[in-house]
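J.: Test case, fold it:
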Amino acid sequence: MARTDDDTWDITEGVGATALSVARARAAESENANPLFTDPYAGHFVEAAVLAGWQPPMAAETLAEFSNDSAIVRRMQTMDSYIAARTRYFDEFFTTAGANGLDQMVILAAGLDTRAWRLPWISGTAVYELDQPKVLEFKADVLAAHRAQPAARYVPVAVDLRHDWPQMLCANGFDPSVPTAWLAEGLLPYLSADDQDLLFARVDRLSAPSSRLAVEAFGPEFFDPQNLSRRRERIAQVRHAATAAGVTVPDIEALWYLEPREDVGQWLQDRGWQISVIESDELMARYQRPVPAGAEDVAPQSLFVEAFK
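T.: A predicted model of the protein is given here:
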């Protein structure tokens, strides 16, 4: 699915389907003996999508097809561990924000995030979720079918982040005079460099003093030509093996904007935000999900940026 400036998507196609892959990984983590978090709704999203014809690219049967190729299995499991550690990290970002008195939260490109339902929010918290209309509609239908009730005041805002989302957000009750906790998780690869700059300019403008922002950002070597070449080769190997096994693995990089862009942490510092940064491999080790030997080139070379205004 080639990207265009105003493309849209359903939950089972293009960028929307990446949310299902994340939900599958969160459901798998929830079944672990010692999970980093429990997401009781993630599996429901996957089940509903499968009934609609979606094929999980890394389902249990997919791993079974690759049982003789430990390298591919290790790569798939490493990505699950990365998503688990990332989820726990951002869970803690929100609970810390709440513990410090913030009660206005915004999740940008929320996808199938269920933090509004599963985190222990302080009384009076509002959680705003922004995403494409069809994605939020699918999510609402599945949660309603399972009678899920949010633990905060949940406000879905159906809007494309490349459009005038601040106007839509404020029209739905967002108060820019109140400190806010913002999250951009798994979002930046799907934005052009210009759209990324615009996104953070808008967040900065809407953020009152004491606001917080957490971002999954590109690492400093991400756009190095050799790294990009190795990544493409690795993905091609996995997709080739999957095709031989009769399994379709989407080419996720075809959905990304692989263009150099300004460092997020530096951008925020230049505008007066205080930042802290942790690299993805360090984050995974912190949560006892270290990158296994031989899979060092698998986990995304990401930086996790927290900023305080």
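J.: Check the gap between the residue nearest to Ala148 when sequence neighbours are not counted and Phe200 for me.
T.: With sequence-adjacent residues excluded and distances taken as CB to CB, 6 or more residues apart in numbering, Ala148 is closest to Trp117, at 5.5 Å. (Each C-beta comes from the backbone N, C-alpha and C, glycine too.) Distance from Trp117 to Phe200, counting by CB to CB, to the nearest Å: 27 Å.
J.: Who are the contact partners of the closest residue to Asp80 other than its chain neighbours?
T.: Nearest residue to Asp80, sequence neighbours excluded (CB to CB, 6+ apart): Ala25, at 4.7 Å. Neighbour list for Ala25: Met58, Met79, Asp80, Ile83, Ala84 [criterion: CB atoms under 8 Å, 6 or more residues apart in numbering].
J.: what would these look like in CSV with neighbour count, pLDDT and distance to Leu20?
T.: Shown next, in CSV, are those (neighbours: other CB atoms under 10 Å; pLDDT from 0 to 100; distance: CB to CB, whole Å):
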residue, neighbour count, pLDDT, distance to Leu20
Met58, 22, 57, 11
Met79, 18, 87, 14
Asp80, 19, 91, 14
Ile83, 24, 96, 12
Ala84, 23, 97, 16
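J.: Just the residues you listed: which are in helices?
T.: Those of the contacts of Ala25 mapping onto helices are Met79, Asp80, Ile83, Ala84, per DSSP state H.
J.: For the stretch 51-200 of the chain, which segments count as helices?
T.: Counting by DSSP state H, counting those that start in this stretch, the stretch 51-200 of the chain has helices at residues 60-65, 70-99, 115-118, 133-145, 165-171, 193-206.
J.: just the ones you listed: most buried one?
T.: helix 115-118 (a mean of 22; mean count of other CB atoms under 10 Å).
J.: Any regions of the chain where pLDDT drops low?
T.: 1-10, 13, 57-72, 228, 235, 237-239, 241-251, 294-297 (pLDDT under 70).
J.: ok, Asp175 to Leu206 distance?
T.: Distance from Asp175 to Leu206, by CB to CB: 10 Å.
J.: Check Arg261 too.
T.: From Arg261 to Leu206 the distance is 21 Å (CB to CB).
J.: now Arg88
T.: Distance from Arg88 to Leu206, counting by CB to CB: 27 Å.
J.: Quick check, central residue of the protein?
T.: Gly186 (3.1 Å; CA atoms, centre = their mean).
J.: my guess is that one meets Leu108, correct?
T.: No. Checked against CB atoms under 8 Å, the pair Gly186 and Leu108 is beyond contact range at 10.0 Å.
J.: how much space is there between Arg26 and Thr96?
T.: Counting by CB to CB, the gap from Arg26 to Thr96 is 20 Å.
J.: do Pro292 as well
T.: Counting by CB to CB, the gap from Pro292 to Thr96 is 29 Å.
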